[in-house]
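> model the following, please.
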Amino acid sequence: MASKQLILVARFEKEKEQKAAQLYQMAQQQVAQQRQKLSSLQQYRLDYLRQIQLNAKGGVGAKAYHQHLTFVGQLEKACQQQLNVISKATLAADQRKRAWLEQQKRRKAVDLLLEKKAQDATAKANRAEQAMMDEFAMQRHFRAHHAK
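Residues are numbered from 1 along each chain as shown. Predicted coordinates:
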């Protein structure tokens with residue numbers, strides 16, 4: 001039987017792996033949310049440009065045209081900022097993934113050690129049982145020959 005400390009270590013490593021997996025999943029969700037925000041922002045920008053084109057057919061004053069262009073510029077700047085947010089969120093998700101995979105390796109190493117210890121204990125028990133069976137067989141043989 002593996003030592004209690006090793007079993008505790010295995011449980012601790014498993015919990016750390018689960019926590020790392022949760023953090024990675026949350027980071028992935030954050031990236032998806034930020035991409036959705038960018039998509040919405042881009043769609044709003046596109047819809048706004050279409051609306052400007054429709055309004056321009058009826059004629060637009062210079063001041064209104066300048067205001068529209070300024071707002072479109074702000075939308076483009078917001079899209080660029082959102083791309084930066086996505087880039088940072090993606091980097092964070094990648095870091096979380098690496099941390100999760102490293103923790104998974106540690107957990108697997110402890111599991112492998114536990115398995116090896118269990119196999120060693122089983123092999124030791126099998127050897128002891130075989131030695132005992134050999135001893136019984138030898139005693140039976142010895143009694144059979146001395147009983148004659």
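
> for G58, give me phi and psi.
Main-chain dihedrals, G58, degrees, to the nearest 10: phi -90, psi -10.

> residues near it, how many?
The number of residues packed near G58 is 6, by other Cβ atoms under 10 Å. C-beta: built from backbone N, CA, C; applies to glycine.

> how about S40?
Other residues close to S40 by other Cβ under 10 Å number 11.

> and it, its phi and psi?
The phi/psi pair for S40 (degrees, to the nearest 10) is phi -60, psi -40.

> how far away is it from Q82?
Distance of S40 to Q82, computed by Cβ to Cβ, to the nearest Å: 9 Å.

> same deal with R35?
According to Cβ to Cβ, R35 and Q82 sit 9 Å apart.

> go on, T122?
Look at T122 and Q82: by Cβ to Cβ, they are 58 Å apart.

> so, low pLDDT: which residues of the chain?
The chain contains residues with pLDDT under 70 at 1-2, 148.

> looking at T122 and Q82, which one has more neighbours?
With neighbours defined as other Cβ under 10 Å, T122 and Q82 compare such that Q82 has more, 18 against 10.

> need the contact list for the more buried one.
For Q82, the contact set (Cβ atoms under 8 Å, 6 or more residues apart in numbering) comprises Q34, K37, L38, L41.

> ok, it to V31 distance?
Taking Cβ to Cβ, one finds Q82 at 12 Å from V31.

> and for Y48?
As defined by Cβ to Cβ, Y48 lies at a distance of 26 Å from V31.

> hang on, the earlier thing: buried subset of the contacts of Q82 as a ChimeraX selection?
Buried members of these, defined by 16 or more other Cβ atoms under 10 Å, are picked up in ChimeraX with:
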select :34,38,41
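
> list just the nearest of the contacts of Q82 to A147.
Of all those, A147 sits closest to Q34, with 88.4 Å by Cβ to Cβ.
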